[in-house]
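1. Give me coordinates for this.
(chains A and B)
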Amino acid sequence: MAKILEVKNLRTTFFTHLGEVQAVRGISFDLEEGDILGIVGESGSGKSVTSLSIMGLVDEPGRIVEGEVLFEGLDLTKLDQKEMSNYRGNEISMIFQDPMTSINPAFTVGNQLREVIMTHTGMNKEQAHQRALELLTMVGIPEPETRIKNHPYQFSGGMRQRALISMAIACNPKLLIADEPTTALDVTIQAQILELMRDLKTKINTSIILITHDLGVISEICNKVIVMYGGMIMEKADIISLFDNPQHPYTRGLMLSVPRNVTGKKARLIPIEGSPPDLMAPPSGCPFSPRCQHAMEICLKKAAPLFKISDTQEASCWLHHPDAPEVKGFVKVAGEK
Amino acid sequence: MFGYYLKRIFSAIVTLFIIATLTFFMMRAIPGGPFTREKALPDQIIAQLNAKYNLDDPVIVQYLNYMKGIATFNFGPSFRELGLTVNDLIRQGLPGSMKVGIVAVLMILVFGIPMGIISALKQNKPIDYTVMVLATIGVTVPSFVVATLYIYLISSRVSWIPITGLSNPIAFIGPAIALSGYSLSYVARLTRSSMLEVLRQDYIRTARANGLSETRVIGKHALKNALIPVVTYVGPMIAAILTGSFVVERIFAINGIGRYFVESVSNRDYTVIIGMTVFYAGLYIFMVLLVDIAYSFIDPRIKLGKRTGD
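-> Numbers count the residues shown, from 1 in each chain, chains lettered A, B, ... in the order given. Model (predicted):
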């Protein structure tokens, strides 16, 4: 399958008054056509900044300091804002976490939707209006003829997210980035929105990057997963390998801290002790080493490369090194990737 | 909608009635009267003057007569400007004040708002600092200083700029600058802070993520939201500016109504005080109504005459 997006050694840093915050520290990944890639991690792990970096929307004082974002082979980091705006909302779209604040309260839904369509397609107002009605129907907004004239305050949270999704898919983007699209919504609406995204993926044939801190959401919709921590990739795998056989202590920690057996016998939640690293002075070794129960001397000094566990799984942990001590469940691999 | 305007007009009338009543009795509570002079007039003359202007009636009768006059927009004769009624004074002075006022208001809108926007877009850059320093000066330096400096530095040295009066369009520059200085600076600061607030909003990021041009993001999505607090300030400000300024009209020798606000009080010119107060209050209430109407265009959540939940 063709690669639609290749991120190579991306580094994004915020140059604040207090110092440099290294939000994303040299990550690389590919997205193939038709993939739904989940990026999971806790707050401050760099997942949102990664998505904003792809969109070229990193705000001051942040900046991409290194790396490439190749979209169909073209390096987006080399484009200026004006060139980039031809891609945004057209070939690459994004939906955001909080639908209550992410839609402009001062204009009708129809006005905002038509604006996106007319900006990228050159349709006239009437054609754009028809297209807008189609889109609202597609995202499951009832009575689109009435709703298109409504202002956002007349929409519920779930409806607003649907409206925002309709703007994002207005030009059949090849890549849709969803930054925690369901976090601000209640659970039933959350399920509906995920269903909608899955549905749209087949209808308009788009690839999706889904950013979330919710492993449940990942398991429901994604086929590949990246686990991020401290601005770095800890583990990269397809969905089955990751859930069946996590190969990074952090991934394991995440799994153990998810509530299971909700109705059955009580199982104790095991939190990951400690707190995320200070990205202003990130640890020189593996960012997870201060919280890792398996941490070795080398972990504190040098971050592990991504060891290739199988064709579909890579993990950045020294436990996979042939010289590492044997730990149950962790595979040893011969060489570095 | 129609019912809403009826309600607003009714409440405006009640407000004006209360203002007129309060002003009437507060004036009477102050010792002295319109004919009190440093060199006391003979009692007989005072009595005759009082009789001529019906000031010898019981206060309550005077009050009722007054209110009757006001209800028919007849504010009565001035006690000081012989042979002139308050209506005459307003008719004579208002055009001058309004003309300068309109120029000042236009300057505020045309320069103040864009200055604020540019400042916000270039936050913490030299142009932002420059604009903000100018705006701080504008807010703090009083209009008579601006007026005097303008005359001293510019119009007294440039022969084709008139120093006083409103004889040609160029003559408006000085009074308009002096009159608008404070508000222009205030509007620039207000627009800047409001714009900075709006630019941080999530929907601005959405607009950018949707690939809209920066011109549209700022000029459409940000500006409409940023203008709400500006409109709130500008409405009543217009009422204040159109009714002139004692200081500016004095310095530039403009025949306006600004001076009556001040002079009528020290002269105890009862009818002029009430007339001016009611006139200004009426204009003010009208501007506030315009602001509310403007809100309903800018912010769709505000529906005139209806309660809406969010």
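2. for whatever residue of chain A ends up closest to chain B, phi and psi?
-> Of all residues in chain A, the one sitting closest to chain B is residue A:89 (3.2 Å; C-beta to the nearest C-beta). Where C-beta positions appear, they are placed from N, C-alpha and C, glycine not excepted. Residue A:89 adopts backbone torsions of phi 80, psi -10, taken as degrees, to the nearest 10.
3. Over to residue A:290?
-> Torsion angles at residue A:290 (phi, psi; degrees, to the nearest 10) stand at phi -60, psi -20.
4. before we move on, what about residue A:304?
-> phi -70, psi 150.
5. and it, how many neighbours does it have?
-> Neighbour count for residue A:304, taken as other C-beta atoms under 10 Å in any protein chain shown: 23.
6. and the gap between the residue lying closest to the residue of chain A closest to chain B once chain neighbours are set aside and residue A:209?
-> Using C-beta to C-beta, 6 or more residues apart in numbering or on different chains and skipping the chain neighbours, the partner closest in space to residue A:89 is residue B:211 (3.2 Å). According to C-beta to C-beta, to the nearest Å, residue B:211 and residue A:209 sit 17 Å apart.
7. which of the two has more neighbours?
-> residue A:209 (27 against 24).
8. pull the CA atoms of the host helix or strand of the more buried one into PDB?
-> Residue A:209 belongs to strand A:207-212 when elements are defined using DSSP states H and E. What follows is strand A:207-212, C-alpha atoms only, in PDB (Å, rounded to 0.1, in the frame of the first residue of the first chain):
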ATOM      1  CA  SER A 207      -6.800   7.800   6.100                       C
ATOM      2  CA  ILE A 208      -7.100   8.800   9.700                       C
ATOM      3  CA  ILE A 209      -4.800   9.700  12.600                       C
ATOM      4  CA  LEU A 210      -6.700   9.500  15.800                       C
ATOM      5  CA  ILE A 211      -5.100  11.000  18.900                       C
ATOM      6  CA  THR A 212      -6.400   9.900  22.200                       C
END
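9. Now chain B against chain A: closest residue?
-> residue B:211 (3.2 Å).
10. Surely that residue touches residue A:81?
-> No. Using C-beta atoms under 8 Å, residue B:211 is not in contact with residue A:81, being 10.5 Å away.
11. So residue A:107 lies in a helix, does it not?
-> No. Counting by DSSP: H, G, I helix; E, B strand; the rest coil, residue A:107 is not part of a helix but coil.
12. Got phi/psi on it?
-> With angles defined as degrees, to the nearest 10, residue A:107 sits at phi -130, psi 150.
13. got the contact list for it?
-> A:151, B:220, B:221, B:224, B:300 (C-beta atoms under 8 Å, 6 or more residues apart in numbering or on different chains).
14. Distance of it relative to residue B:297?
-> 12 Å.
15. Dead centre of chain A: give me the residue that sits there.
-> Nearest to the geometric centre of chain A sits residue A:211, at 2.6 Å (C-alpha atoms, centre = their mean).
16. Contacts only, for it.
-> Contacts for residue A:211 (C-beta under 8 Å, 6+ apart) come out as A:38, A:39, A:40, A:47, A:48, A:50, A:51, A:177, A:178, A:179, A:180.
17. Throw the residues you listed into CSV and include pLDDT, thanks.
-> Conversion of the contacts of residue A:211 to CSV gives the following (pLDDT from 0 to 100):
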residue, pLDDT
A:38, 95
A:39, 95
A:40, 93
A:47, 91
A:48, 91
A:50, 94
A:51, 93
A:177, 95
A:178, 93
A:179, 92
A:180, 90
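18. Can you list which of these are found in strands?
-> Counted as lying in strands by DSSP state E, out of the contacts of residue A:211, are A:38, A:39, A:40, A:177, A:178, A:179.
19. Identify the farthest-apart pair in those residues.
-> A:40 and A:177 (14.4 Å; C-beta to C-beta).
20. Around chain B, which positions in chain A sit nearby?
-> A:55, A:57, A:81-82, A:85-90, A:93-94, A:96, A:98, A:101-108, A:115-116, A:119-120, A:151, A:153, A:164, A:167-168 (C-beta under 8 Å from any C-beta of the partner chain).
21. Now the buried members of these.
-> With burial judged by 16 or more other C-beta atoms under 10 Å in any protein chain shown, the buried subset of these is A:55, A:57, A:85, A:87-90, A:93-94, A:96, A:98, A:101-108, A:115-116, A:119-120, A:151, A:164, A:167-168.
22. Can you tell me which of those residues end up in strands?
-> A:93, A:94.
23. Which parts of chain A are strands?
-> A:3-16, A:19-32, A:36-40, A:62-71, A:74-75, A:92-95, A:175-179, A:207-212, A:224-229, A:232-238, A:307-310, A:313-315.
24. okay, these in CSV with distance to residue B:126 next?
-> Listed next are the strands of chain A as CSV, based on distance: least, C-beta to C-beta, whole Å:
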stretch, distance to residue B:126
strand A:3-16, 19
strand A:19-32, 25
strand A:36-40, 40
strand A:62-71, 21
strand A:74-75, 33
strand A:92-95, 33
strand A:175-179, 35
strand A:207-212, 38
strand A:224-229, 39
strand A:232-238, 39
strand A:307-310, 52
strand A:313-315, 49
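25. can you map out the strands along the stretch 201-310 of chain B?
-> Applying DSSP state E, counting those that start in this stretch to the stretch 201-310 of chain B gives no strands.
26. Can you pull out the low-pLDDT segments for it?
-> B:305-310 (pLDDT under 70).
27. tell me which parts of it are close to chain A?
-> Applying C-beta under 8 Å from any C-beta, one finds that the stretch 201-310 of chain B approaches chain A through B:201-203, B:205-214, B:216, B:220-221, B:224-225, B:298-301, B:308, B:310.
28. centre of the chain versus the helix or strand encompassing residue B:22, how much separation?
-> Using DSSP H and E, residue B:22 falls within helix B:2-29. In terms of C-alpha atoms, centre = their mean, to the nearest Å, the centre of helix B:2-29 is found 18 Å from the chain centre.
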